[in-house]
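Student: sequence plus predicted model, see below.
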Amino acid sequence: MNPRKLRLITAIICLIVSGSMISAASLGDGLWISRVPEKDRTRQNPFADRPDAPAAGARLFSQNCASCHGDNATGKGNHPSLRSERVRSATPGELQWLLTNGSMKNGMPSWSKLPEQQRWQIVTYLKSLQ
Amino acid sequence: MNASTRLVAVLIGLVALLAWPERSRAQENYFVTYTHHMEEPGTLEVSNKSVTGFPKDGSSFIGSSMELEYGVKTWWTSELYLDGQTTFGENTTFTGWRFENRFRPLLREHWINPVLYFEFEDINGANKSLLEVVGHDGIEDFLSRAERSEKEREVELKLILSSNAKGWNFAENFIAEKNLANEPWEFGYAVAASRPLSLVAGAKACTFCRENFSLGAELYGGLGDRYSFGFSNTSHYLAPTVSFRVPQGPTFNVSPSAGLNHNSHGFLLRFGVSYEINQFASMLRRK
């Protein structure tokens, strides 16, 4: 391969990768709750009155969240407890937004791979802990 | 290493994985198509993807890729592949390695979520893992793949677009690949959709619940190269996919693929198993 072409390809790859990293660093922050759009903040949890939702949410929590937040959601290592004032005072819509979008700078991934209904079940479980 | 030693090594590996204290389910639904879902940070996913083919004019084969996927950051996933193949009546051989990185530039969920993919691969001419189809890849080219001395050092770029809507995942990949031995850029595509059988989780623990199964389909193929872009003399496949996630255990995938034109394999069977080890880096630090 022509060395000039190789250098050009390498430069383009470096530019895109560094652009991704700068973009990632600038978009994330720890103040996720202040960034929740109003329409998401006020969303109602369709599973709030379903008697089996906390148990189903507990199962999903155990499968997807407990490795970081602990079996009882009391936190683990650098990962925060979810039996906290912040979670207690958050609306179900805010928690749903956090599960959907994550807080990537702080290491919280997006859980959009789970269906929305299952994210609502996890929210129901988290609210039942408070 | 003889066959019995290899078998013992594989069994020890499986037992070690199953005995690992912190594990969760893997989330891959497709074999060829990538989505915007990244590996969780600190999590290591170990998986094997295999493809077997039964060409009319050649020997049956199994191409396998062992994958080690690690979540470096929430927006950055790194992956190492080790490839090998067995062609029945001919040989079993290691065919090379690949190293890929995926970056998610937009950190929130959007209607369409882009991911940038970069890969370097150092494989030989005997590789049959078929992790993507590009350029004019076709069955005739594939039948002649037995020459290990032919080196293929390639870079591969992908633009991954992916969306979630009403329980469905839709993903589109645009692929550009270049052999660094002064060959032209080759192009390919992969599109896919999948959905869990149930969007709601049950309250009771169960293994064979509908929520643990996902169904979907992939369509992928080549788009020629820089000098002959298009569908002419390319191969294309349509493949339904089935995933079964064992709660707190491995994920099994199977996908029978049908070739869509005369240049494609008539039938390919893909199968795989993957397993996530949560917070792998933290556990190593503790030990």
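Tutor: It's in. Numbers count the residues shown, from 1 in each chain, chains lettered A, B, ... in the order given.

Student: tell me the secondary structure for residue 62?
Tutor: The chain I'm using is chain A. On the three-state scheme (DSSP: H, G, I helix; E, B strand; the rest coil), A:S62 is labelled helix.

Student: my bad, chain B
Tutor: With three-state DSSP as the basis, the three-state label of B:I62 is strand.

Student: thought B:F54 was touching it, still the case?
Tutor: No. Applying C-beta atoms under 8 Å, one finds B:I62 not in contact with B:F54, separated by 10.5 Å. In short, each C-beta sits where N, CA and C put it, glycine included.

Student: higher neighbour count, the two?
Tutor: B:I62 (18 against 14; other C-beta atoms under 10 Å in any protein chain shown).

Student: can you tell me which residues contact the more buried one?
Tutor: Taking C-beta atoms under 8 Å, 6 or more residues apart in numbering or on different chains as the contact definition, B:I62 lies against B:S50, B:V51, B:T52, B:Q85, B:T86, B:K128.

Student: which of those sit farthest apart?
Tutor: Between any two of the contacts of B:I62, the greatest separation by C-beta to C-beta is 11.5 Å, found for B:V51 and B:T86.

Student: quick one, domains of chain A?
Tutor: What the record gives for chain A is the domain set A:1-28, A:31-129, from automatic domain parsing.

Student: any idea which of those domains is most buried?
Tutor: Neighbour counts (mean count of other C-beta atoms under 10 Å in any protein chain shown) averaged over each of those peak at domain A:31-129, with a mean of 18.

Student: for the helix or strand hosting B:N253, name the packing helices and strands.
Tutor: Element membership of B:N253 [criterion: DSSP states H and E] is strand B:251-259. With contacts defined as 3 or more C-beta pairs under 8 Å, 6 or more residues apart in numbering or on different chains; DSSP states H and E, the packing partners of strand B:251-259 are strand B:236-245, strand B:267-277.

Student: show me which of the contacts of B:I62 is closest to B:R245.
Tutor: The closest of these to B:R245 turns out to be B:S50 (C-beta to C-beta; 18.6 Å).

Student: spit out the contact partners of B:R102.
Tutor: By C-beta under 8 Å, 6+ apart, B:R102 lies in contact with B:Y34, B:M38, B:W76, B:T77, B:S78, B:E79, B:V115, B:L116, B:Y117, B:F118, B:I160.

Student: one more: B:S129?
Tutor: Per C-beta under 8 Å, 6+ apart, neighbours of B:S129: B:K49, B:V51, B:G63, B:S64, B:S65, B:Y81, B:D83, B:Q85, B:T95.

Student: if you set the cut-off to 10 Å instead, what comes out?
Tutor: Applying C-beta atoms under 10 Å, 6 or more residues apart in numbering or on different chains, one finds that B:S129 lies in contact with B:49-51, B:62-65, B:81-85, B:95-96, B:98, B:123.

Student: against B:S198, how distant is it?
Tutor: B:S129 sits 33 Å away from B:S198 when distances are taken as C-beta to C-beta, to the nearest Å.

Student: quick revisit: list the residues that contact both of B:I62 and B:F54?
Tutor: With C-beta under 10 Å, 6+ apart as the test, B:I62 and B:F54 both reach B:F88, B:L269.

Student: which residues in the chain form helices?
Tutor: Defaulting to chain A. Taking DSSP state H, the helices of chain A run over residues A:3-27, A:38-41, A:53-64, A:66-69, A:85-89, A:92-101, A:116-129.

Student: sorry, I should have been clearer: chain B.
Tutor: Taking DSSP H as the criterion, chain B carries its helices at B:3-19, B:139-143, B:280-286.

Student: report pLDDT for the residue nearest the centre of chain A.
Tutor: Central residue of chain A (C-alpha atoms, centre = their mean): A:G102, 2.5 Å from the mean position. Per-residue confidence at A:G102 stands at 93 (pLDDT).

Student: in contact with the residue lying closest to it once chain neighbours are set aside, which residues?
Tutor: Excluding its sequence neighbours, the residue lying closest to A:G102 (C-beta to C-beta, 6 or more residues apart in numbering or on different chains) is A:S110, at 3.8 Å. With contacts defined as C-beta under 10 Å, 6+ apart, A:S110 is in contact with A:98-104, B:36-38, B:40, B:74-75, B:104, B:107-109, B:113, B:164.

Student: leaving out the residues flanking it, which one is nearest to A:R88?
Tutor: A:Q130 (4.4 Å).

Student: for chain B, see how far away the one you found is.
Tutor: If you measure A:Q130 against chain B using C-beta to the nearest C-beta, to the nearest Å, the figure is 20 Å.

Student: hmm, that residue is touching A:P54, no?
Tutor: No. Here A:Q130 lies out of contact with A:P54, judged by C-beta atoms under 10 Å, at a distance of 11.6 Å.

Student: which non-adjacent residue is nearest A:V123?
Tutor: When the adjacent residues along the chain are set aside, A:V123 lies closest to A:L95, with 4.6 Å between them (C-beta to C-beta, 6+ apart).

Student: test my guess that the one you found contacts A:R119.
Tutor: Yes. A:L95 sits in contact with A:R119 when judged by C-beta under 10 Å, with a separation of 8.5 Å.

Student: ok so, going back, the residue nearest to A:R88: how many residues sit nearby?
Tutor: Neighbours of A:Q130 (other C-beta under 10 Å): 12.

Student: closest one of the contacts of B:S129 to B:A181?
Tutor: Comparing every one of the contacts of B:S129 with B:A181 (C-beta to C-beta), the shortest separation belongs to B:I123, at 12.5 Å.

Student: how far away is that closest one from B:T87?
Tutor: For B:I123, the distance to B:T87 equals 15 Å [C-beta to C-beta].

Student: and for B:L260?
Tutor: According to C-beta to C-beta, B:L260 stands 24 Å off from B:T87.

Student: who's more crowded, those two?
Tutor: More neighbours surround B:T87 than the other of B:L260 and B:T87, with 19 against 13 (other C-beta under 10 Å).

Student: hey, what's the nearest residue to the more buried one once chain neighbours are set aside bridged with?
Tutor: Leaving out its chain neighbours, the residue that sits closest to B:T87 by C-beta to C-beta, 6+ apart is B:F61, at 4.5 Å. With beta bridges defined as DSSP bridges, B:F61 has these partners: B:G53, B:T87.
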